[in-house]
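J.: Need coordinates for the below:
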Amino acid sequence: MRFFLAFASEGTLDVAIWKAHAQTLAQGNLIDYYLGGRFTFNHPPPMGLAAGGLYHLSLASGLSFAFLFRLPFAVLDGLTALLLFSALSQAKSSGLRNARYALASLYWVSPVAAIFSAYHGNTDSSVAFFLLAATLCLARGNPGWAGAALGLSLWIKIPGILALPVLLLAVPGWRARGRFCAAAAATALGGYLPWLMQDPMAVIRAVFLYRGLMIQTAVGVPIWGLQVFYPDPADLSPTAFEVFRRFRGGYYQWNTVIALGPMILYALLRDRPRNVETILAGIAGSYFIFYGLTNFWAFQYLAWSLPLWAFLGFRSAGIARTLAFLYIYGLYAWLCGSPLLLGTWDFIGKGDWPLALRLIRDACVLFFFGAAVVLLVGAAREADARWRGRTRRLSSPRRGR
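T.: Model prediction:
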């Protein structure tokens with residue numbers, strides 16, 4: 001399925017954008033492109049070099065750039081499935097261990113996973129691979145290798161750094177945390193240093209300070225975010241409209257803080273037994289919170305944590321996977337006019353979505369927002385229970401000899 005999609009389909013607009021990136025980078029300077037070009041280039045330097053190399057390979061081999069660009073991520077997704085199986089095998093929950101063959105296989109044959117890795121045409125599916133690798137290294141008592149895995153992920157895509165609070169708090173002891181951070185920083189720096197020495201601010205602004213896009217169709221249909229539930233301004237009174245306008249402006253302006261702040265709070269509050277299951281549940285929960293609160297979002301961002309959803313429980317994972325399938329596959333098939341995704345992904349031409357797709361989108365947004373609230377409340381209750389238990393132990397009278 002992945003080979004078929006990578007070879008036979010056109011992919012989304014991201015494929016064409018990456019080809020334009022590759023053409024520019026094959027002929028020009030990366031720093032100059034960070035400073036401005038035909039498209040905004042916000043990807044790490046090593047990925048830019050790789051894209052330029054794939055473009056040259058495409059010209060030399062006669063194979064399409066779309067195929068050559070997507071095939072490595074389709075293969076990497078197979079390794080992600082193997083790491084997922086290894087993580088499930090080490091879970092404390094007997095339910096997860098007993099279901100490890102089924103859960104890893106279901107991920108491998110998942111149409112949504114295949115779409116993100118082999119059809120869509122971006123690098124987001126790599127994030128989950130490195131997060132699984134880092135977690136497995138931590139579970140084996142290797143914080144240095146775990147940090148190196150996280151640092152290496154930043155060569156391809158930045159959002160793995162959103163899992164840093166959970167990973168860092170899962171490392172036992174400050175000395176081990178130091179090794180983790182040093183390895184992550186050194187590995188990441190190895191992929192950035194030549195360009196940081198040329199123009200550090202250009203790299204930092206383009207790669208690390210990029211906050212995403214609030215994407216909507218040509219006729220104003222938003223693809224994600226709580227804005228899908230906002231009232232129509234035309235239905236509001238002048239006073240209500242002014243209040244709404246200020247609220248909406250503030251929510252958009254501070255959306256990065258609104259999304260990232262609760263993620264950090266969740267990592268600090270949750271119970272943190274240091275095992276594979278709880279670490280991956282914490283990472284998956286962090287991304288759920290991000291999905292539920294952000295307006296700066298793109299379809300493929302779900303790939304960052306897709307393999308990890310099972311660690312939040314079968315019910316949550318089942319609902320999330322079903323809604324993601326209905327939304328992503330349903331929308332992509334409609335945009336392409338083909339159940340096999342073989343047509344042109346006409347996001348611009350088909351801007352007025354059918355009601356059914358809008359309702360599925362709304363259900364996805366509402367689910368992740370509700371999940372974010374539940375996760376944050378649950379973490380707060382865990383923290384409160386731990387604090388009360390610690391207080392009772394400290395205040396209880398000592399027994400006599």
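
J.: what sits against the most centrally placed residue in the chain?
T.: Note on the chain: the residue nearest the mean C-alpha position is Trp304, at 2.8 Å, using Cα atoms, centre = their mean. Counting by Cβ atoms under 8 Å, 6 or more residues apart in numbering, Trp304 touches 124, 127-128, 159-160, 162, 287. Yep, even glycine has a C-beta here, placed from its N, CA and C like the rest.

J.: how about 7 Å then?
T.: 124, 127-128, 159, 287 (Cβ atoms under 7 Å, 6 or more residues apart in numbering).

J.: now swap in Phe347 and tell me
T.: Here Phe347 is in contact with 13, 217, 335 (Cβ under 7 Å, 6+ apart).

J.: if I look at it, how far off is Thr123?
T.: 19 Å (Cβ to Cβ, to the nearest Å).

J.: cool, Ala379 as well?
T.: 30 Å.

J.: between these two, who's got more neighbours?
T.: Thr123 (25 against 21; other Cβ atoms under 10 Å).

J.: Need the three-state assignment for that one.
T.: coil (DSSP: H, G, I helix; E, B strand; the rest coil).

J.: Would you agree it is in contact with Ile156?
T.: Yes: counting by Cβ atoms under 7 Å, Ile156 is a contact partner of Thr123 at 5.2 Å.

J.: which neighbours do the two share?
T.: Met47.

J.: re earlier: name the nearest of the contacts of Trp304 relative to Gly147.
T.: Val127 (15.9 Å; Cβ to Cβ).

J.: Can you report how many residues lie near the closest one?
T.: The burial count for Val127: 28, using other Cβ under 10 Å.

J.: Could you pull up the contacting residues of it?
T.: 153, 157, 159-160, 303-304.

J.: and if you look at Gln198?
T.: With Cβ under 7 Å, 6+ apart, Gln198 has these contacts: Ile31.

J.: can you pull out the strands in the stretch 101-250 of the chain?
T.: Applying DSSP state E, counting those that start in this stretch to the stretch 101-250 of the chain gives no strands.

J.: next one: the stretch 301-401 of the chain
T.: Using DSSP E, counting those that start in this stretch, strands in the stretch 301-401 of the chain do not occur.

J.: average pLDDT for stretch 98-118?
T.: For stretch 98-118, mean pLDDT rounds to 97.

J.: got the CA positions of that stretch in PDB?
T.: Provided in PDB are the C-alpha atoms of stretch 98-118 (Å, rounded to 0.1, in the frame of the first residue of the first chain):
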ATOM      1  CA  ASN A  98      -1.100  -9.400  24.800                       C
ATOM      2  CA  ALA A  99      -2.400  -7.100  22.000                       C
ATOM      3  CA  ARG A 100       1.100  -6.200  20.800                       C
ATOM      4  CA  TYR A 101       0.900  -8.200  17.500                       C
ATOM      5  CA  ALA A 102      -2.600  -6.800  16.700                       C
ATOM      6  CA  LEU A 103      -1.800  -3.200  17.600                       C
ATOM      7  CA  ALA A 104       1.500  -3.100  15.700                       C
ATOM      8  CA  SER A 105      -0.100  -4.700  12.700                       C
ATOM      9  CA  LEU A 106      -3.100  -2.400  12.800                       C
ATOM     10  CA  TYR A 107      -0.800   0.600  12.800                       C
ATOM     11  CA  TRP A 108       1.200  -0.900   9.800                       C
ATOM     12  CA  VAL A 109      -2.000  -1.500   7.700                       C
ATOM     13  CA  SER A 110      -3.700   1.800   8.900                       C
ATOM     14  CA  PRO A 111      -4.700   3.800   5.800                       C
ATOM     15  CA  VAL A 112      -4.100   7.100   7.800                       C
ATOM     16  CA  ALA A 113      -0.500   6.000   8.700                       C
ATOM     17  CA  ALA A 114       0.100   5.100   5.000                       C
ATOM     18  CA  ILE A 115      -1.400   8.400   3.800                       C
ATOM     19  CA  PHE A 116       0.900  10.400   6.000                       C
ATOM     20  CA  SER A 117       4.100   8.500   5.300                       C
ATOM     21  CA  ALA A 118       3.700   7.600   1.600                       C
END
